[in-house]
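Predicted model and sequence follow; I will ask about them next.
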Amino acid sequence: MSLRTVLGWCAAAVALAAWLPWGSAAGQQLPIAATPTGRAGMINRLPPAAGHARIAARPQQPAAPAEEHPLMPALRWAYSGLKRLEDIQDYSAIMVKRERIDGELREPEYMYAKVRHRPLSVYLRFLKPEKLAGREVIWIEGANKGKMWAHGTGVEKMFGTVSLDPTGPIAMRGNRYPITEIGVLNLVRRLIEVAEGDIQYGECEVKFFEGAKINGRSCTCIQVVHPTPRREFLFHVARIYVDDELNLPIRYEAYDWPSEPGGPPQLTEEYTYLNFKLNNGFTDADFDINNPNYQFKRR
């Protein structure tokens, strides 16, 4: 490989690092209604938060034993929902992501996503903001030596398709999570992991709110609040919006404690899935950089 080629690939990696998709970004409002109401009323005036059988832990179910941890109804739903999710072969959706990076809440990023569960395969095409539109990323578990393929647009497109370590410093710069952790199945697994840790402690308030709307779809919002900052708690407020028809979590948002006494909670991360389509029958071609419908190019 020539020195010119090596330098070109290094430059491409640096250029690509600024737009990798799983770290979102600044205070732009999402065009998504998230207004939980119902039995418990509005959600404590906090900012709005993020489904195949009916929800397993609906508020109208019989009350849990007094000694049961408040998180157990939500955790039971997550256990049952995990099995259903694992049975789904693939899905497509519009992903909307916002994350706080180095203290800055970045602007939302919109991506069209194809996700296949076995092997875990991801295709992303950026839709918004305009400066990112048209960029594409593919990652397949166990392929390409674990690296992802990516290409930019405009000037970046001259570098062609590059391979990057998804957990390396270039790919992770400005991102909270690598692409290897993307998707609703990984989200539910992480929610279970966090909840299993939280049930070891008290100081946890859990409420269910019916009538939330995400992109016009009816949802039940599960809100978890840790009133007091503790080392063992990862968030102050978390909300999971479960689509009532799909019984899938289509939005998740987490807030940190206020930066000053009496101030509002600080949004740290927010992930929304719109226009879910399940079991599309995706094949290897849907995750192939040689797919003629994609804009990847080999150097």
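It's in.

Not counting sequence-adjacent ones, nearest residue to Val206?
Spatial nearest neighbour of Val206, chain neighbours left out: Pro70 (4.1 Å); criterion: Cβ to Cβ, 6 or more residues apart in numbering. Glycine gets a C-beta too; all of them are placed from N, C-alpha and C.

Tell me where the stretch 151-299 of the chain has strands.
162-164, 205-214, 217-225, 237-243, 249-256, 266-278 (DSSP state E, counting those that start in this stretch).

could the ones you listed go into TSV alongside mean pLDDT and mean neighbour count?
Shown next, in TSV, are these (pLDDT from 0 to 100; neighbours: other Cβ atoms under 10 Å):
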stretch	mean pLDDT	mean neighbour count
strand 162-164	91	21
strand 205-214	95	20
strand 217-225	96	23
strand 237-243	96	26
strand 249-256	96	23
strand 266-278	96	19
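
Out of these, which is closest to Leu187?
Leu187 sits nearest to strand 249-256 of all the strands of the stretch 151-299 of the chain, at 6.0 Å, using Cβ to Cβ.

Assign the residue nearest to Val206 to helix, strand or coil.
The three-state assignment at Pro70 reads coil, by DSSP: H, G, I helix; E, B strand; the rest coil.

That one: neighbouring residues, count only.
Neighbour count for Pro70, taken as other Cβ atoms under 10 Å: 18.

got it, and the one 5 residues further on?
Leu75: 19 surrounding residues under other Cβ under 10 Å.

and it, what helix or strand is that in?
For Leu75, the element it lies in under DSSP states H and E is helix 72-87.

So which elements touch the very next helix or strand once past that helix?
Per DSSP H and E, helix 72-87 leads on to strand 90-101 as the next helix or strand towards the C-terminus. With contacts defined as 3 or more Cβ pairs under 8 Å, 6 or more residues apart in numbering; DSSP states H and E, strand 90-101 has these neighbours: strand 109-116, strand 266-278.

distance between the helix or strand following strand 90-101 and the chain's centre?
Next in sequence after strand 90-101, counting helices and strands by DSSP H and E, comes strand 104-105. Centroid separation for strand 104-105 versus its chain: 17 Å, with Cα atoms, centre = their mean, to the nearest Å.

ok, strand 104-105: who's next to it in the sheet?
Neighbouring strands of strand 104-105 in its sheet, by DSSP bridges, are strand 90-101 (antiparallel).
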